[in-house]
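Trainee: return atomic coordinates for the entry below.
(2 chains)
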2 protein chains.
Amino acid sequence: MTLPFTLLITPLAADAPDDGSWFAGTFTEVDASEPALRVSELSTQRGDGVFETLAVVNGHAQEVQPHLARLARSAEICDLPAPNLAQWSAAVSTAVQAIPDHGELAIKLVLSRGVENGPSPTAWLHASAARDFGPVRQSGVRVVTLDRGYDRGVAERAPWLLLGAKTLSYAVNMAALREAHRRGADDTIFVSSDGYVMEGPTSSVIIRHGDMFSTPAPSGAILHGTTQTSLFEYLERHGHAVSYRDISVEELRNADAAWLVSSVRLAVAITELDGAQVPVDAPLTQLFTEYLLSPRD
Amino acid sequence: MTLPFTLLITPLAADAPDDGSWFAGTFTEVDASEPALRVSELSTQRGDGVFETLAVVNGHAQEVQPHLARLARSAEICDLPAPNLAQWSAAVSTAVQAIPDHGELAIKLVLSRGVENGPSPTAWLHASAARDFGPVRQSGVRVVTLDRGYDRGVAERAPWLLLGAKTLSYAVNMAALREAHRRGADDTIFVSSDGYVMEGPTSSVIIRHGDMFSTPAPSGAILHGTTQTSLFEYLERHGHAVSYRDISVEELRNADAAWLVSSVRLAVAITELDGAQVPVDAPLTQLFTEYLLSPRD
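Mentor: Numbers count the residues shown, from 1 in each chain, chains lettered A, B, ... in the order given. Reported below is the predicted structural model:
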């Protein structure tokens, strides 16, 4: 079966039950090299929609339910109709059966507000081969910090900034990555205007001080990371202490180890921060990678 | 000729000259009700692109060159290839000849980063009938202020936030409008976290104190407004004083009159701000409307 694999999805109401064939009837496979969306799509006109990206490893879709829960949370923040999670779950299953059962793939789920003045959202699933992240999982990434312009309290104060939602409006995230590359780095960590660690443009931040693992509190104008959550559960099961809290940039600079974690690239060690070396915990990074590549639900 | 009218555009290098037929060969009319874009479009996946919306009034496209200049500026900020302005200008002319020569229409120009890992940007023009803004030009709008989360100096400090570019990542702008509607208002004005007037989600702000007209300085993390610029030129030609400067929210509240101005809705009077009445200068609003509906280049 070839990649990419694309399903257009006719979104059902959140509580519409499956009668056994209903969900399948709402999926239409399309050729990814052919046009599938109208120019009046609000996703394309205004980045107006939400998305998730999840990994498929050797035929197992990773953490489908946490990703769907976040899709629902993003939709709620954006005043989009609540997605039918059983339907989305069925779409992922349909894709997994259609795509290769070996190697690492990425599935992107998109829920757009639909065409302008249209009656309903537009939705699709797009599966593609993951880039080969093997080398960067070994070598780690050089990171620069970039000011996100927001203070830590802005998410509570101004929910219309949609900071807890994974929206399609990612132009700033992409611009920040370009800025990192211009500075000779591989990736970036956004910091708040009041000097606290936020997140990467497409990843969460985890730091280690001694045996304590920390990540910025999800209230702090950042996305709740599915991979970070999964890793924290793993660490707790193995007796490590984990903490969600405010992390100053200074604490990040003084970490005993630090990682950027995300669903497809997984955990990559930060080797350099704003030009200064960061200690690398190679054995733990290796353990993280093995865990994250194992089947997870 | 029917609306909507959509042209896909194969973007040429900025300096590619027209040989008389070349530009026309880069335009393909498509049926707006049919799919025209792939799901791997970065405009739709990440709101990664820039746009302009301009008005066509009785067959005259308004201020084409200022809009194209801003498109080029937006592209530059976003590290997109410089658009060929002669080609875009030809596309607008092609559209104007194809669409009705009476009434008010809107033309949207979109320059997307293209399909993921693709060789070049994607571009299109989409012309549609404008909504009937006659009533709101008479009645004005009730406005609430909303915190944009950024301080005034952020644009210079953090250019990766793309604040001077009109990007497709407009989810926050749309969310702010929904929040305004929830509060019983028609529109909103973003204010900086340090208490200064910025802009509306799809408009610029002009205030009048006595015979002095002011608008926030374009450096202040806002877009340079084409309609605002045009109105300031009009006001100066008629002997009025105009000023680009920092405007505190307090000054907005104490204005003798205030407007939201944009390319298609034009100048609408602010009648209410956060629930408090704002004086309306009806004769001047009427003059603004007449001027903005006249042919302008």
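Trainee: can you name the residues of the stretch 101-250 of chain A sitting close to chain B?
Mentor: Residues of the stretch 101-250 of chain A found near chain B (C-beta under 8 Å from any C-beta of the partner chain) are A:108, A:110, A:112-113, A:124, A:126, A:146-151, A:154, A:157-162, A:165, A:167-176, A:178-179, A:193. For the C-beta atoms, the positions are set from N, CA and C on the backbone; glycine is no exception.
Trainee: and these, which of them are in strands?
Mentor: A:Lys108, A:Val110, A:Ser112, A:Trp124, A:His126, A:Leu146, A:Asp147 (DSSP state E).
Trainee: and these as a markdown table, adding neighbour count?
Mentor: Formatted as a markdown table, those follow (neighbours: other C-beta atoms under 10 Å in any protein chain shown):
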| residue | neighbour count |
| --- | --- |
| A:Lys108 | 20 |
| A:Val110 | 23 |
| A:Ser112 | 26 |
| A:Trp124 | 25 |
| A:His126 | 26 |
| A:Leu146 | 25 |
| A:Asp147 | 17 |
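Trainee: which residues touch the closest residue to chain B within the stretch 151-297 of chain A?
Mentor: Residue of the stretch 151-297 of chain A nearest chain B, by C-beta to the nearest C-beta: A:Ser169 (3.4 Å). Contact analysis of A:Ser169 by C-beta atoms under 8 Å, 6 or more residues apart in numbering or on different chains lists A:Arg46, A:Gly47, A:Asp48, A:Leu162, B:Arg46, B:Gly47, B:Leu168, B:Ser169, B:Tyr170, B:Ala171, B:Val172.
Trainee: can you count the residues close to the closest residue to the second one other than its chain neighbours?
Mentor: Distances taken as C-beta to C-beta, 6 or more residues apart in numbering or on different chains place B:Gly47 nearest to A:Gly47, at 2.4 Å, with adjacent residues excluded. Using other C-beta atoms under 10 Å in any protein chain shown as the criterion, B:Gly47 is surrounded by 29 other residues.
Trainee: next up, the contacts around B:Gly47.
Mentor: A:43, A:46-47, A:167-171, B:167-171.
Trainee: among those residues, who's most crowded?
Mentor: A:Ser43 (34 neighbours).
Trainee: which residues touch A:Phe190?
Mentor: So A:Phe190 contacts A:Thr145, A:Leu146, A:Asp147, A:Arg148, A:Ala176, A:Met198, A:Glu199, A:Gly200, A:Pro201 (C-beta under 8 Å, 6+ apart).
Trainee: which one of those sits closest to A:Arg245?
Mentor: Relative to A:Arg245, the closest of the contacts of A:Phe190 is A:Met198; by C-beta to C-beta it sits at 13.1 Å.
Trainee: ok, the closest one touching A:Ala221?
Mentor: Yes: here A:Met198 reaches A:Ala221: they are 6.4 Å apart, a contact under C-beta atoms under 8 Å.
Trainee: more neighbours: those two, which one.
Mentor: A:Ala221 (26 against 23).
Trainee: who touches both of A:Met198 and A:Ala221?
Mentor: By C-beta under 8 Å, 6+ apart, the residues touching both A:Met198 and A:Ala221 are A:Arg148, A:Ser192.
Trainee: ok, back up a step: counting only helices, which of the contacts of A:Ser169 make the cut?
Mentor: Among the contacts of A:Ser169, the ones falling in helices (DSSP state H) are A:Arg46, B:Arg46, B:Ala171, B:Val172.
Trainee: now the second one: how far from B:Leu111?
Mentor: Right, B:Arg46. Here the criterion is C-beta to C-beta, to the nearest Å. By it, B:Arg46 lies 14 Å from B:Leu111.
Trainee: so for the residue in chain A that chain B sits nearest to, what's the pLDDT?
Mentor: Evaluated by C-beta to the nearest C-beta, chain A has A:Gly47 as its residue closest to chain B, separated by 2.4 Å. A:Gly47 carries a pLDDT value of 97.
Trainee: what of A:Ala221?
Mentor: 85.
Trainee: surely A:Leu168 is in contact with B:Asp48?
Mentor: No: under the criterion of C-beta under 8 Å, A:Leu168 makes no contact with B:Asp48, lying 9.3 Å away.
Trainee: among the contacts of A:Ser169, which one lies nearest to B:Arg131?
Mentor: Closest to B:Arg131, out of all of the contacts of A:Ser169 and judged by C-beta to C-beta, is A:Arg46, at 16.1 Å.
Trainee: OK, contacts around the closest one?
Mentor: A:Arg113, A:Ser169, B:Gly47, B:Leu168, B:Ser169, B:Tyr170, B:Ala171, B:Asn173, B:Met174.
Trainee: also A:Thr227?
Mentor: Neighbours of A:Thr227 in contact, by C-beta under 8 Å, 6+ apart: A:Glu63, A:Ser204, A:Val261, A:Ser262, A:Ser263, A:Leu266, A:Ala267, A:Leu292.
Trainee: need the residues you listed in CSV (columns: secondary structure).
Mentor: Formatted as CSV, the contacts of A:Thr227 follow (DSSP: H, G, I helix; E, B strand; the rest coil):
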residue, secondary structure
A:Glu63, coil
A:Ser204, strand
A:Val261, strand
A:Ser262, strand
A:Ser263, coil
A:Leu266, strand
A:Ala267, strand
A:Leu292, helix
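Trainee: counting neighbours, what do you get for A:Ala86?
Mentor: 16.
Trainee: quick check, it in a helix?
Mentor: Yes: assigned with three-state DSSP, A:Ala86 falls within a helix.
Trainee: what segments of chain A are strands?
Mentor: According to DSSP E, the strands that chain A contains are A:5-9, A:27-30, A:49-57, A:60-61, A:104-112, A:122-129, A:141-147, A:187-191, A:204-209, A:212-216, A:241-245, A:257-262, A:266-273, A:276-277.
Trainee: okay then, goodbye and thanks.
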